[in-house]
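Asks: Quick one, structure for this:
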Amino acid sequence: MKQFSFYLKDMSGFDAWARRLYETCPREAQTVFVSVFSGWTDKAALAELVHRLARMLPNAVIVGCTTSGEIMSGYMSENTAILNFMFFEKTDVRLFAIDFSDTPPEAAAASLLESLREEEVAGVGLFVAQNDEPAHSFLSQLRPLAPHIKVFGGIAGNTGESGQYVLAGERVLERGAAAVCFLGRELRIHVRTSVGWRPLGPSFRITKMDGDNVIRELDGNPAQNIYQKYLGLSRTDINGGNVLFPLCVERNGNLIMRLPIDCAEDGALTIAGDCREGERVRLAYGDPSRILDASYNSHIDIMSFEPEAILLINCVTRRIFLREDTNQELRPFQSIAQTAGLYVNGEIGRDEDGNILLLNMSLVTASFREGPQGESPAASISLTPRVRQLTDIMKLVQCLANFVTVASAESEIANEQLAQLARTDRLTGLYNRGEIESILRKALLRNRKGDGVLSAIMLDLDDFKSINDTFGHAVGDEALRWTAKIIQSAIRGSDAAGRWGGEEFFIVLPDTTIEAARSVAERIREELDKGHTLPDGRSVTGSFGVARFPESGDYMKFYQYLDEAMYRAKQAGKNRVCVAEEE
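Replies: Residues are numbered from 1 along each chain as shown. Next up, the predicted model:
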């Protein structure tokens, strides 16, 4: 396959450009695929452009959209039309034009899926006119696509007040999508996504939404509050497009950025993408080095793929953030193969679970190769060292990003240490009473939902007051620490043990029968009896109560069973295990 790209500043240069294409393009090709990435947003001009392309190449598949910046040969431009031609030798390309004004998105997705049942489908390019509810619905319905099919694309951009359009053949769609399907046994498509934004600060739970892209409340408060509180950004700032701090969502193990694009008077945020009620989000910030490193890692990965052509679908916010350093992100890809692309208002990719994702702040690369590795020009390219020279403003941003990264990491470590202290008993290292009660309640909830058996052990050290009175609190503390070590060595990773108070301990044993729980208690009792001696030679012993959670589900009765069993152990002579007698 071959790829050629051309700039077109206006239609007056069309004929001269056509002659250049004729001089350079292959004379024989199975399929000609034309991508139009247009900074022009005048609908009539776009219609004339695709009409003349169709007349010049009547059998070509023509697809494209308006952009927020165009990419060719490693450089970004504005207000141009980039015409990108892929000449495939062994690949078919099919176009599906979808107008949401005529066809509901669910029906459009079902029709597309039915058409993509062939095993030879290698990938699908998706270009969508608007970032709205029909677009989200259409993309979400495409999840049943076969796992091997690669997906890439974007939401049309624009450079001003004009509309956003998708080009599908000779149609110029204002509400719709173009799906390009690549079919061929020899075709290989490699898709990779890079981000570079880092999460920052505390997390917030989405507590109220309208639809799938309007967040009304975070932790019960107006969503915009976090931008005002932590960044000093007003509603006007958000609506003015001055937000470079997206919300970061962790979903299926992936970090997905969600950029606010509108803020209502009540503080509700409209985001470029979907979110779900109950998800947790954090603010995120851009790190110039991390962004460029992520792109460079994509470059290394793509080089090993040995492509013959590369398409870049880049987020316009990355361009705004990197400013004069934008081309540093783009140039490395051109060293591998001919590169063309566009800046969009939302990128489209696919996660490992097959979900079609609408992304923000990302660079999506789609690389193409016909035939086996080792035959493309990229196979002979050697890796060149990275040379990064940030502009002065980006150097300042980088310093601030480094400070925020280190300070945030130190804060998170400190917070985790504080949280750990809040959960544990300082003397024994076991959970404290509040935490072990919380663990027990969660275990009880899981037990009610399933068929497992939950048991517990309550342990009270014998004659502990006399140990403190006779030998002092230092000896008593050592006895408590020794008991905790024995308990920890006797239980599984799925079990939990805590200091209930004073000389009492509580052990939660999920999925454990009463017989197995008694065996655990006996093992702990024996180790206590023979392991630690007091200054007068006596052993430290304990009395144990064992019970299983009753079928009635009565939480308080469970405590009563444990307490009564332990009391019977005391009454029977101490240093023994007693099992609860259930009613």
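Asks: Make sure I have this right: I98 is in a strand.
Replies: Yes. Assessed by DSSP: H, G, I helix; E, B strand; the rest coil, I98 belongs to a strand.
Asks: Neighbours of it, how many?
Replies: Neighbour count for I98, taken as other CB atoms under 10 Å: 26. C-beta here means a position set from N, CA and C on the backbone, and glycine is covered the same way.
Asks: ok, and the closest non-adjacent residue to V281?
Replies: L247 (4.4 Å; CB to CB, 6 or more residues apart in numbering).
Asks: Correction: the previous question concerned A18.
Replies: Spatial nearest neighbour of A18, excluding adjacent residues (CB to CB, 6+ apart): M56 at 6.0 Å.
Asks: Got the domain ranges for the chain?
Replies: The chain is divided into the following domains under automatic domain parsing: 2-195+289-380, 197-286, 433-579.
Asks: Arrange these in CSV, one row each, with mean pLDDT and distance to T424 as further columns.
Replies: Compiled in CSV, the domains of the chain are given as follows (pLDDT from 0 to 100; distance: least, CB to CB, whole Å):
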stretch, mean pLDDT, distance to T424
domain 2-195+289-380, 90, 35
domain 197-286, 90, 22
domain 433-579, 89, 7
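Asks: just so I have it, where are all the helices in the stretch 451-583 of the chain?
Replies: Counting by DSSP state H, counting those that start in this stretch, the stretch 451-583 of the chain has helices at residues 464-471, 473-490, 514-531, 555-571.
Asks: and the second one, what does it pack onto?
Replies: In terms of contacts (3 or more CB pairs under 8 Å, 6 or more residues apart in numbering; DSSP states H and E), helix 473-490 is packed against strand 455-461, helix 464-471, strand 496-501, strand 504-509, helix 514-531.
Asks: That helix: which residues count as buried?
Replies: For helix 473-490, burial by neighbour count (16 or more other CB atoms under 10 Å) applies to G476, E478, A479, L480, W482, T483, A484, I486, I487, A490.
Asks: mind saving the C-alpha coords of it as CSV?
Replies: Extracted C-alpha coordinates of helix 473-490, given in CSV (Å, rounded to 0.1, in the frame of the first residue of the first chain):
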residue,chain,number,x,y,z
HIS,A,473,1.9,-2.7,82.1
ALA,A,474,5.1,-3.4,80.1
VAL,A,475,4.7,-7.1,80.6
GLY,A,476,1.0,-6.9,79.9
ASP,A,477,1.6,-5.0,76.6
GLU,A,478,4.1,-7.6,75.6
ALA,A,479,1.5,-10.4,76.2
LEU,A,480,-0.9,-8.5,74.0
ARG,A,481,1.6,-8.1,71.2
TRP,A,482,2.5,-11.8,71.4
THR,A,483,-1.1,-12.8,71.2
ALA,A,484,-1.6,-10.7,68.1
LYS,A,485,1.4,-12.4,66.4
ILE,A,486,0.0,-15.8,67.1
ILE,A,487,-3.4,-14.8,65.8
GLN,A,488,-1.9,-13.4,62.6
SER,A,489,0.1,-16.5,61.9
ALA,A,490,-3.0,-18.7,62.4
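Asks: related to what we said a few turns ago, who wins for proximity to A156 among the helices and strands packed on helix 473-490?
Replies: Comparing the helices and strands packed on helix 473-490 against A156 with CB to CB, the closest turns out to be strand 496-501 (53.3 Å).
Asks: circling back to that earlier point, contacts only, for the residue nearest to V281.
Replies: By CB atoms under 8 Å, 6 or more residues apart in numbering, the contact set of L247 is I215, M257, R258, L259, P260, I271, C275, V281, R282, L283, A284.
Asks: Including distance to C578, could the helices and strands packed on helix 473-490 go into JSON lines?
Replies: Shown next, in JSON lines, are the helices and strands packed on helix 473-490 (distance: least, CB to CB, whole Å):
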{"stretch": "strand 455-461", "distance to C578": "10"}
{"stretch": "helix 464-471", "distance to C578": "18"}
{"stretch": "strand 496-501", "distance to C578": "17"}
{"stretch": "strand 504-509", "distance to C578": "15"}
{"stretch": "helix 514-531", "distance to C578": "9"}
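Asks: quick one, which of the ones you listed is nearest to F100?
Replies: strand 496-501 (52.8 Å).
Asks: For that closest one, which outside residues touch it?
Replies: With CB under 8 Å, 6+ apart, strand 496-501 has contacts from 425, 427-428, 430-433, 435-436, 439, 443, 458, 480, 484, 487-488, 491, 505-508.
Asks: Just the buried residues of these.
Replies: By 16+ other CB under 10 Å, those give 425, 428, 430-432, 435-436, 439, 443, 458, 480, 484, 487, 491, 505-508 as buried.
Asks: Past the helix or strand containing D262, which element shows up next along the chain?
Replies: If you go by DSSP states H and E, D262 is part of strand 260-263. The helix or strand immediately downstream of strand 260-263 is strand 269-271, counting by DSSP H and E.
Asks: E119: which of the buried residues of helix 473-490 is nearest?
Replies: A490 (55.8 Å).
Asks: The closest one is in contact with I524, isn't it?
Replies: Yes. A490 lies in contact with I524 (CB atoms under 8 Å); the separation is 5.0 Å.
Asks: picking up where we left off before, of the contacts of L247, which is the most crowded?
Replies: When neighbours are counted by other CB under 10 Å, I215 leads these with 27 neighbours.
Asks: Identify the residues contacting the closest residue to that residue other than its chain neighbours.
Replies: Nearest residue to I215, sequence neighbours excluded (CB to CB, 6+ apart): A223, at 4.4 Å. Counting by CB under 8 Å, 6+ apart, A223 touches I215, R216, E217, G267, A268, L269.
Asks: how many other residues sit next to the fourth one?
Replies: When you say that, I think you mean G267. 20.
Asks: measure it to P222 for me?
Replies: 3 Å (CB to CB, to the nearest Å).
Asks: Quickly list what's touching both of the two.
Replies: Common neighbours of G267 and P222 (CB under 8 Å, 6+ apart) are R216.
Asks: Centre of the chain to the helix or strand E435 falls within, how far?
Replies: Applying DSSP H and E as the criterion places E435 in helix 433-449. Distance, stretch centre to chain centre, for helix 433-449: 29 Å (CA atoms, centre = their mean, to the nearest Å).
Asks: what sits up against it?
Replies: Contact with helix 433-449 is made by 422-424, 430-431, 452-454, 456, 496-501, 506, 508, 510, 549, 553, 555, 558, as judged by CB under 8 Å, 6+ apart.
Asks: In stretch 541-559, which residues are buried?
Replies: For stretch 541-559, the neighbour count (16+ other CB under 10 Å) marks G542, S543, F544, G545, V546, A547, R548, F549, P550, K557, F558 as buried.
Asks: Of those, which belong to strands?
Replies: Counting by DSSP state E, those place G542, S543, F544, G545, V546, A547, R548 in strands.
Asks: Surely L200 is in a helix?
Replies: No. Secondary structure of L200, determined by three-state DSSP: strand, with no helix assignment.
Asks: burial measure for it, as a count.
Replies: Per other CB under 10 Å, the neighbour tally for L200 reads 17.
Asks: what about it, distance to D325?
Replies: Counting by CB to CB, the separation of L200 from D325 is 21 Å.
Asks: Next: A284.
Replies: From A284 across to D325, the span is 19 Å (CB to CB).
Asks: same deal with E504?
Replies: 63 Å.
Asks: so what's F368 bridging to?
Replies: Beta-bridge partners of F368, counted by DSSP bridges, are I189, A309.
Asks: do the same with C578
Replies: Beta-bridge partners of C578, counted by DSSP bridges, are G545.
Asks: Go ahead and confirm I310 touches A366.
Replies: Yes. Between I310 and A366 there is a contact under CB under 8 Å: 7.3 Å.
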